[in-house]
Structure formats: structure tokens, C-alpha cells
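Undergrad: Pasted the sequence and its predicted model underneath.
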Amino acid sequence: MKGRILITDHLHPLLQQGLEADGFSVDYLPEITAEKVMEIIPAYTGLVINSKVYVGKEMLDRATQLTFVCRAGSGLEVIDVEYAKTKAVAAFNSPEGNRNAVGEHSLGMLLSMMNNIPKANTEVKNGEWIREPNRGEELYGKTVGLIAYGNTAQAFAKLLNGFNVQVLAYDKYVKGFGSGYVQEATIAEIQQQADVLSLHLPLTPETTYMIDYGFLSAFKKPFWFINTARGKVLQTADLLQCIEEGKIKGAALDVLENEKISALTADEQIVFNKLISTNKVLLTPHIAGWTHESKQKIAATLLHKIRALYS
């Protein structure tokens, strides 16, 4: 037996089947609690998580046999990567698996928002046939700004290529990615030119609440806003203020600062009530990367990366 691996969330069976075929012992416990993982982690050499389990110093200290921990998805904020390095524990994610899903979801939300589709759908179902106030905007010929240019931004940019848009992308840590349909840009250039802004930032201490009133109000013209990245890169109250002031035409949010909407603080509830009371905000429950295809692709990506560790 190569080792014992714990899978703590609902993943495609391809991963468990592949690992067992390779000689690993796999415990598939998608309903397990974070507390129970902490209790039993000393028995495992590998750990597969999504978002409910945080692998920090305490867990890594208990995980005396652990050689790797991997995230089924794109974010690594649920793993203390630097501390894992000190314990010789490999930490990695699988953004390749859901990048196309996020790109398509971003495009879908943008087109729905620009063409008033959710609002018009509700009105027709309520017996209202309202045309002129629902006149939309075409994406064709617009300038789209991307903040961060990793897997999901690249997938989104590729889809946008068919709309004859100009894509400007900023990434602090990646350079030399300009292509026929993407132009490297500074934040200031995006703020000067963009008709659409889409966030693709990871959540780190550096990016937490990076997108605030000062950032948003610096845009030269009113724009459409998309966040399919992480909720806490954005000051939601500042976004709402910019919508009220006409600086932002509409916002599509797949992520929120606090996604446990049944347990919001009083201040968070005030902001959430404003979000759901305006027809200028389109909301989905963190499902941008949540397709049937991406579930299989994520499993395949993780299997490939785990195999590479042992090759």
C-alpha cells in the first residue's frame, strides 16, 4: 500500500478509483466535519479538501504522516501553504479543472446583466410585457478589464475573443502574457478604458478588500462589474455606493464576503438586504466553477498531480 488518503468532500469517483488502482487506501468521507478530520488526521498520508476544512498550523502539527494536501478547486486560502512547506507537506490546487466553467459562468452573468434578462424574466412571469426599459447593451466592441490573469481569467478572455472586444489584463506577478486578443495593462489603464471589470484574484492578505471605493470610483466611465473570484477581495458596501452613485451600471456576484447567509452579522444583513433589493445586482451561490464537467475535470487534475508526486 502506497499510503492512506482521506477525501473530505463530494468529488467525482474518478479520483478515488484512480488512487485505489495505484495502490492507495482511500477513505471517501464527504460528510465528515472539520472537527472529525482534526481528530483522525494523524492516520493519513494524503488529504483532499474543498472549503469546509482549514489546514492550518494546528492540523499540520497533528498530521505527522501527511505528505500532501490538495484543494478541489482553485483557492489555496484554506491551506497554510508556507507552514506546510516547513513540514515537507506538498500543497496544491486544481484550477485547471474548473477554469472553463468559471469563464462560461462569467460570460453568462455578464450577458444576462447587460441585457436585463433576469429582470425581464421576472416581469413576464408576473404578467408584465415591458420592452423599452429593458433595452440592453451589446458586448460587441466594448473594453473588458481583468484583474489577475490566471486560469479563470485566461478562459474568460478566450471566450470574449468572439465578441470583438478589447481585453486589458493586469497581473502583478505574471508578465509577458499579451497575445492577439489580450493586452497587458496597468490598473490605471484599465480604470481609464474599461466598460467591464472582472475580478480573478486569489484571496491573500494582499488582496483582501483590495477592491474598495477608491479603486472603483477611479474608473473614468460607468462600467459593468463581475466577481467570480473571492468575496473578501471586495468591499461590498463600497460596491453598492458606487451603484447608487451611477459609477457602476450593474454587478454580477457569484461570491460574497460571508456566504453563510443564514448567519450574517447585523451589519452584513444590512448590506445583503441592499444587494437583494436592487435589480442592478445579479447573484449566484458560488457556482461559477460548479458544473458536472468541472467536477470530473477537477478529479482528473488532482489524480494527475498526486501521481506526479509519486513518480
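TA: Cool, got the structure. Because the structure is a prediction, the values reported are computed rather than measured.

Undergrad: the strands in the protein, which residues?
TA: All strands of the chain, identified by DSSP state E, fall at 4-7, 25-28, 46-49, 68-71, 90-92, 143-147, 166-170, 182-184, 196-199, 223-227, 248-253, 281-283.

Undergrad: Turn those strands into JSON lines, columns for mean pLDDT and mean neighbour count.
TA: In short, each C-beta sits where N, CA and C put it, glycine included. JSON lines is the format used below for the strands of the chain (pLDDT from 0 to 100; neighbours: other Cβ atoms under 10 Å):
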{"stretch": "strand 4-7", "mean pLDDT": "98", "mean neighbour count": "21"}
{"stretch": "strand 25-28", "mean pLDDT": "98", "mean neighbour count": "16"}
{"stretch": "strand 46-49", "mean pLDDT": "98", "mean neighbour count": "24"}
{"stretch": "strand 68-71", "mean pLDDT": "97", "mean neighbour count": "24"}
{"stretch": "strand 90-92", "mean pLDDT": "97", "mean neighbour count": "19"}
{"stretch": "strand 143-147", "mean pLDDT": "98", "mean neighbour count": "25"}
{"stretch": "strand 166-170", "mean pLDDT": "98", "mean neighbour count": "22"}
{"stretch": "strand 182-184", "mean pLDDT": "97", "mean neighbour count": "17"}
{"stretch": "strand 196-199", "mean pLDDT": "98", "mean neighbour count": "25"}
{"stretch": "strand 223-227", "mean pLDDT": "98", "mean neighbour count": "25"}
{"stretch": "strand 248-253", "mean pLDDT": "98", "mean neighbour count": "23"}
{"stretch": "strand 281-283", "mean pLDDT": "98", "mean neighbour count": "19"}
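
Undergrad: Turn those into a markdown table, columns for distance to Gln296.
TA: Output for the strands of the chain, formatted as a markdown table (distance: least, Cβ to Cβ, whole Å):
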| stretch | distance to Gln296 |
| --- | --- |
| strand 4-7 | 15 |
| strand 25-28 | 16 |
| strand 46-49 | 15 |
| strand 68-71 | 16 |
| strand 90-92 | 18 |
| strand 143-147 | 27 |
| strand 166-170 | 28 |
| strand 182-184 | 28 |
| strand 196-199 | 25 |
| strand 223-227 | 26 |
| strand 248-253 | 26 |
| strand 281-283 | 27 |
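
Undergrad: if we compare those, which one ends up closest to Pro13?
TA: strand 25-28 (8.3 Å; Cβ to Cβ).
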